[in-house]
Structures are given as structure tokens and as C-alpha cells.
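1. Build me a model:
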Amino acid sequence: MISQIRPSAITIPSMHGRTRAVLVIGFCTAVAVAVAFAPPTPQWARHAASLAGYLAVVASVSALLLYRGWRTGVRLDGDGLTICYFFGTRRLGWHEVSRFADGCTAGLGEGAGRVWALDVVLHDGRVVTVKATARDGRSAAPKILTAVLQAAERYGIQAPLTGILSKRRSRASVEEPVPSPEAGGIILSEWAASRDFSTTRLRPGYDIEEVDAFVEAIRQTFLGIRELSLTADEIRDKQFSTTRLRPGYDQEEVDAFLDVAELRLAAQVSDRRGASAARQGSVAADLAAGAVPVRCLECAAESAGTAQVCARCGAPVAQEPPWTPGGSAGSFMLPYELVGQRTGTASLRNVLLMAGVVTALAVSALIVGLMSLRSSARSEASTSAPPQLTVDQLQPGDCLRGSDMGLGTDSTWPDLVTVVPCTQQHIAEVFFAGNAWPQSLTAYPGDDTVNNTADDRCDTAFAGYDGATPDESAFTYDSITPDSSTWPDGDRSLVCVAYEPTSQYPGGAAVNYSIKGSGR
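-> The predicted model follows:
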């Protein structure tokens with residue numbers, strides 16, 4: 001979709017950028033959720049507050065990434081082109097743009113091949129590929145091509161576009177213009193260092209190490225710091241080893257780069273010679289007239305010795321020592337600001353944005369950590385103070401700890417007993433709790449009858465709970481029954497408690513497991 005922000009502005013969103021953002025966010029979110037919910041569940045994920053904080057952080061980061069991915073694209077307005085990447089923004093003024101051309105970039109997905117994309121050719125010869133204009137096809141989308149042509153007509157930019165995928169220039173045909181004299185060694189070296197070649201795997205390519213080493217030699221030659229500078233003929237005749245089964249650089253892209261580098265080096269050498277001869281004549285004339293050459297304090301351009309301001313930019317000038325034949329090999333005018341660089345405001349904004357994200361993540365992680373520690377402290381506190389229950393509150397599955405239960409004896413059951421998780425050390429385990437006699441039985445039947453009924457109910461309940469009969473099991477049980485003093489008050493409850501008597505601990509040895517279904 002192409003949107004018109006205002007009559008003089010056109011925005012083209014990057015569908016590939018949006019798709020990649022959605023895929024990355026989906027993958028990262030799935031991993032984050034799996035970390036919290038996949039078994040075994042982390043301790044902090046068992047607490048609602050910690051889990052809510054963690055999910056809030058995941059949602060915030062996902063929303064931020066989606067926002068950045070959704071903003072990727074290119075905007076064409078009265079000031080120039082604004083290219084929004086996932087992390088960063090690049091601006092190009094119309095005064096920097098020479099023309100639009102058909103280009104190409106890598107398609108989305110493995111094996112997608114190369115697709116059409118707009119190339120923005122700058123006056124200094126550099127080419128910026130606007131990947132936001134790419135779609136899944138070897139030809140340009142009609143709406144995008146129409147929008148680019150409208151912008152070119154509106155702002156006076158040459159646009160010989162066909163909308164058909166353009167392969168990288170071969171060594172036999174180079175369409176990239178030779179740079180102007182203002183493109184000095186620094187710009188050319190940065191251009192060489194910024195080359196990014198596609199990688200081939202299942203088709204022939206150039207050896208990566210050899211190409212990188214030669215590109216570095218070209219960069220040093222442009223800067224004039226290489227001991228043995230390359231010549232244009234050496235660049236034209238350069239051959240690289242071919243790779244087939246291992247990764248290599250795309251041959252067409254490397255050949256296109258070498259063609260342009262050859263022309264740029266030849267132009268640089270020619271410019272140096274011409275500038276040196278012109279400067280010698282100008283300086284000689286100025287010296288003969290008694291004038292000292294002056295240099296612009298802003299753009300570094302030289303002017304006649306009698307000038308007060310720069311003829312190029314109007315800025316103040318200052319005198320410099322006269323040139324001598326044994327001195328420098330010539331000077332080159334460089335732009336005051338390199339074209340196409342990211343603006344300081346955008347860079348500062350991106351830095352502040354990233355710093356804010358990092359700070360938010362750190363604070364969120366700290367909050368989640370504190371919540372987790374607080375929940376763990378509560379858990380430990382509850383563990384260190386297990387509940388105390390009366391006999392009427394006991395339920396099947398409760399594991400009991402304490403030395404005053406009087407198991408295996410005629411002692412009275414204590415008023416309160418300690419209930420702990422069955423994975424902790426305990427003495428007894430409740431396997432039955434409920435009413436064993438009807439309320440209609442008003443008269444107390446006697447101790448023997450009550451005990452016989454209790455034994456029958458506990459035997460049956462033990463076999464169903466443990467999986468083995470009391471005679472087969474290493475465990476035995478005690479029953480807690482009503483007596484003649486509690487029966488008139490309606491007490492009909494029966495509690496059956498299992499324990500493991502040993503010679504050393506006849507009242508029950510400590511265990512750390514439940515007998516439920518164990519068959520022990």
C-alpha cells in the first residue's frame with residue numbers, strides 16, 4: 001500500500017520489513033512463552049505477580065519491535081528521500097540524487113532469488129538500493145513504479161525506469177557515472193569499504209578472503225596510504241579463485257564493483273595530475289603578484305590570495321603557507337558534510353530509543369526479580385510454618401509430623417497435629433476420614449463394637465488407598481474413633497492413619513513419600 005501523507009509526500013512501506021518483523025516477533029514470543037509454561041515450570045512462573053510482570057515485558061518488547069518493523073519503508077517529499085530501516089533512518093536530499101535506476105535485491109525467503117528494487121544513484125557515484133520498494137517478483141509493482149515516476153517528475157530527477165529486474169552490471173558494461181572531482185580519497189575509500197556482496201553457495205563464486213583482501217587494497221589506494229598503490233590496469237586484470245561447494249561472493253556484483261573502482265581510480269589519478277598542474281600555475285601567479293593562497297575554513301576549497309570569502313560557499317577564508325614542489329602532491333576539495341549519511345538528530349533519537357528500551361527491560365527484569373524473591377520468601381515462610389489441624393479437619397492424603405501422636409499405643413490423640421507435604425519427612429498419613437456410624441444410632445454401641453466397625457472400615461479403605469492389604473503391607477494403621485463421652489454430642493467420625501512401625505521406631509519411622517497407590 002502506498003500512502004499520500006500530503007500532496008507532496010509519498011510513503012512506500014517495506015512489505016519485506018514488516019513480514020520479517022512479524023516472523024521474528026512470533027518466534028521470540030513463542031520462545032518466551034515456552035520458557036514460562038513448558039514443563040518443568042520455573043519457580044517464578046508459578047506466582048501470578050512474577051508471571052504477569054514477565055508477560056508484560058514480553059508484550060512490551062514485542063509491541064516495540066512490531067512498531068519499528070511497521071515503520072520500515074521510504075518516504076519521498078520536498079526535502080528528499082527518507083529511508084526507514086528497522087534500527088535507524090537515512091536521509092538523502094534531492095540535491096544529492098543524480099537519477100533513479102532499475103536495481104535488484106535479495107527476495108524474502110530461502111531460494112526466493114533476486115527481485116526488482118529501486119536504485120538511487122548519487123552525484124558522487126554511489127548507489128543506494130531502496131529495499132523497501134522490493135516485492136515478490138522480478139518486476140516492479142505497478143503502484144510503486146507509478147509513485148516513483150511521479151516523485152521523479154515532481155522533483156526533477158531523471159528516472160529511466162523500466163520496472164524490470166536489472167542484473168548487476170557486468171565488466172563489459174558499466175552504467176555507473178564517473179565521480180565528480182569533489183569526490184576525494186576519503187569518500188572513495190568509504191565507498192570501497194561499504195561494499196556488501198551477496199554470498200553464493202550452490203553456484204560458482206569468488207573466494208571471499210581474496211576479494212576482501214583486494215577490496216582493502218583498493219581502499220588504501222584511494223586514501224594514498226598503500227606502500228605500492230594499485231593501478232587501474234591491475235584492477236581491470238585482477239582474477240580471483242572460483243568457489244563451488246563452499247560459500248563465495250557473487251561474481252557479477254564483484255565484477256561490477258571492480259569496473260567502477262577502475263574508473264574511479266583512473267579519474268582520481270587524472271584529477272590529481274590536473275589539480276597539481278593547475279595549482280602550481282595558480283600558486284606561481286599568486287606568488288609573483290605577492291599573494292598568499294587562502295583556504296576556506298568550511299569546505300577546504302582554495303581561493304586566490306586576495307579573496308576575503310570562499311568563492312564556493314561564501315564562508316571566511318584563511319591564509320596557508322605557499323606550496324612548494326617538494327611538498328604535497330596536490331589538494332582535493334571535499335564536501336563539508338558527506339552526502340547520504342544519517343543525520344545527527346536521527347542517530348541521537350535512535351540511541352535514546354535504544355537506551356530507553358534497555359532501561360525499560362532492566363527495570364522490568366528488576367521488578368520481576370523482586371516479585372519472584374518476594375513470592376519465594378512467602379513460600380519459604382509458609383513452608384517453615386506448616387498448618388496445625390484438629391482431628392475433625394484432617395482429610396485423606398494429609399501427611400502428619402510429630403512425636404506426640406502416640407501411634408501404636410493407647411495414648412490420647414493430641415488436640416493439634418502438624419500437616420506437611422508428603423514429599424517432606426513425616427510419620428503418618430491419613431487414608432480415611434468420614435462418618436462411619438449413622439446419627440440414628442443414638443445409644444453408644446460399646447467400645448468393642450465401635451473398634452470392630454472401625455477395623456473393618458479401615459481395612460477396606462487401606463486396600464483401596466495403598467493398593468495392598470494391611471497384612472501384605474509394611475505399614476499398619478491406628479484409628480481415631482468416638483467414645484462414650486463424645487457420642488451423645490453427635491460424634492460419628494472415623495479417622496484412619498497409616499504409619500510404618502520398626503524395631504527402632506515402633507511409633508512410626510519417618511518417610512518422604514505417599515503410600516497412595518504404592519502397594520507398599
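2. how about the nearest residue to Leu92 once chain neighbours are set aside, secondary structure?
-> Take Leu92 and drop its neighbours on the chain: the residue closest to it by CB to CB, 6 or more residues apart in numbering is Leu81, 4.5 Å away. Just so you know, the C-beta spots here come from the backbone N, C-alpha and C atoms, and that holds for glycine as well. Following DSSP: H, G, I helix; E, B strand; the rest coil, Leu81 is assigned to strand.
3. Which pLDDT value belongs to Leu81?
-> You'll see Leu81 listed with a pLDDT of 87.
4. what does the one 3 residues further on give?
-> The predicted structure scores Cys84 at 86 on the pLDDT scale.
5. Could you do the one 4 residues further on as well?
-> Here the pLDDT value assigned to Gly88 is 78.
6. Could you do Arg169 as well?
-> For Arg169, the model assigns a pLDDT of 42.
7. circling back: my guess is the residue nearest to Leu92 contacts Val120. True?
-> Yes. With contacts defined as CB atoms under 8 Å, Leu81 counts as touching Val120 at a distance of 6.6 Å.
8. Between the two, which contacts overlap?
-> 92, 97, 130 (CB atoms under 8 Å, 6 or more residues apart in numbering).
9. The residue nearest to Leu92: neighbouring residues, count only.
-> 23 (other CB atoms under 10 Å).
10. what are the bridge partners for it, then?
-> Counting by DSSP bridges, Leu81 forms beta bridges with Leu76, Leu92.
11. List the contacts of it.
-> 74-75, 91-92, 97, 120, 130.
12. among the residues you listed, which two are most distant?
-> Farthest pair in the contacts of Leu81 (CB to CB) is Arg75 and Val97. Separation: 14.1 Å.
13. Low-confidence ranges, the stretch 251-400 of the chain, go.
-> 272-385 (pLDDT under 70).
14. again, 80 this time
-> 268-385 (pLDDT under 80).
15. got it, and the stretch 101-250 of the chain?
-> 103-115, 124-126, 135-139, 163-191, 193-195, 201-204, 226-227, 244-245.
16. tell me the domain ranges of this structure?
-> Here the domain parsing of the chain from automatic domain parsing is 1-168+339-385, 183-290, 388-499.
17. can you list these in JSON lines and add distance to Arg520?
-> Conversion of those to JSON lines gives the following (distance: least, CB to CB, whole Å):
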{"stretch": "domain 1-168+339-385", "distance to Arg520": "26"}
{"stretch": "domain 183-290", "distance to Arg520": "62"}
{"stretch": "domain 388-499", "distance to Arg520": "6"}
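18. out of those, nearest to Ile515?
-> domain 388-499 (5.0 Å).
19. Let's see the distance spanning that closest one from one end to the other.
-> End-to-end distance for domain 388-499: 19 Å, by CA to CA, to the nearest Å.
20. for the helix or strand in which Tyr477 is found, packing partners?
-> Following DSSP states H and E, one finds Tyr477 within strand 476-480. Counting contacts by 3 or more CB pairs under 8 Å, 6 or more residues apart in numbering; DSSP states H and E, strand 476-480 packs against helix 447-466, strand 493-499.
21. for these, which one ends up most surrounded?
-> strand 493-499 (a mean of 23; mean count of other CB atoms under 10 Å).
22. Do I have it right that Ser229 meets Thr221?
-> Yes. Ser229 is within contact range of Thr221, at 4.6 Å (criterion: CB under 8 Å).
23. Please identify which of these two sits among more neighbours.
-> In this view Ser229 and Thr221 are compared by other CB under 10 Å, and Thr221 has more residues nearby, 24 against 16.
24. got a list of what that one touches?
-> 229-230, 265.
25. mind checking how far the residue nearest to Leu92 is from Ala132?
-> To Ala132, Leu81 is 10 Å away according to CB to CB, to the nearest Å.
26. Please enumerate the shared neighbours of the two.
-> Val74.
27. Can you report how many residues lie near Ser198?
-> Ser198 has 16 nearby residues by other CB under 10 Å.
28. For the closest residue in space to it that isn't next to it in sequence, list the residues it contacts.
-> Excluding the flanking residues, the one nearest Ser198 by CB to CB, 6+ apart is Asp250, at 4.2 Å. Going by CB under 8 Å, 6+ apart, Asp250 touches 168, 197-200, 205-206.
29. in this structure, which spans are helices?
-> In the chain, the helices defined using DSSP state H lie at 15-37, 48-71, 142-155, 185-193, 208-223, 232-237, 251-288, 344-384, 447-466.
30. ok, the contacts of Leu81 vs Phe257, which is closest?
-> Of all these, Val120 has the smallest distance to Phe257: 17.4 Å, by CB to CB.
31. In this structure the closest one contacts Ala132, no?
-> No. Using CB under 8 Å, Val120 is not in contact with Ala132, being 11.5 Å away.
32. Now do the nearest residue in space to Ala101 that is not next to it in sequence against Ala468, distance only.
-> Nearest residue to Ala101 in three dimensions, chain neighbours excluded: Asp119, at 4.3 Å (CB to CB, 6+ apart). According to CB to CB, Asp119 and Ala468 sit 82 Å apart.
33. quick one, which of these two is more surrounded?
-> Asp119 (21 against 16).
34. so that one touches Val97, yeah?
-> No. The criterion here is CB under 8 Å, and Asp119 misses it with Val97 at 10.9 Å.
35. picking up where we left off before, what pairs with the residue nearest to Ala101 across the strands?
-> Under the criterion used (DSSP bridges), Asp119 bridges to Ala101, Thr129.
36. Which pLDDT does the model give the nearest residue to Lys516 once chain neighbours are set aside?
-> Distances taken as CB to CB, 6+ apart place Tyr465 nearest to Lys516, at 5.8 Å, with adjacent residues excluded. Here, the pLDDT recorded for Tyr465 equals 94.
37. so Tyr465 sits right up against Ile515, yeah?
-> Yes. With contacts defined as CB under 8 Å, Tyr465 counts as touching Ile515 at a distance of 7.3 Å.
38. Mutual contacts of those two, please.
-> 431, 498.
39. show me what contacts Met18?
-> For the record, residue 18 is Arg, not Met. Counted by CB under 8 Å, 6+ apart, Arg18 has contacts 69-70, 72.
40. Can you go through those residues and name the buried ones?
-> 69, 72 (16 or more other CB atoms under 10 Å).
41. will you turn the contacts of Arg18 into JSON lines that also has distance to Pro421 and pLDDT?
-> Output for these, formatted as JSON lines (distance: CB to CB, whole Å; pLDDT from 0 to 100):
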{"residue": "Gly69", "distance to Pro421": "48", "pLDDT": "79"}
{"residue": "Trp70", "distance to Pro421": "50", "pLDDT": "80"}
{"residue": "Thr72", "distance to Pro421": "53", "pLDDT": "84"}
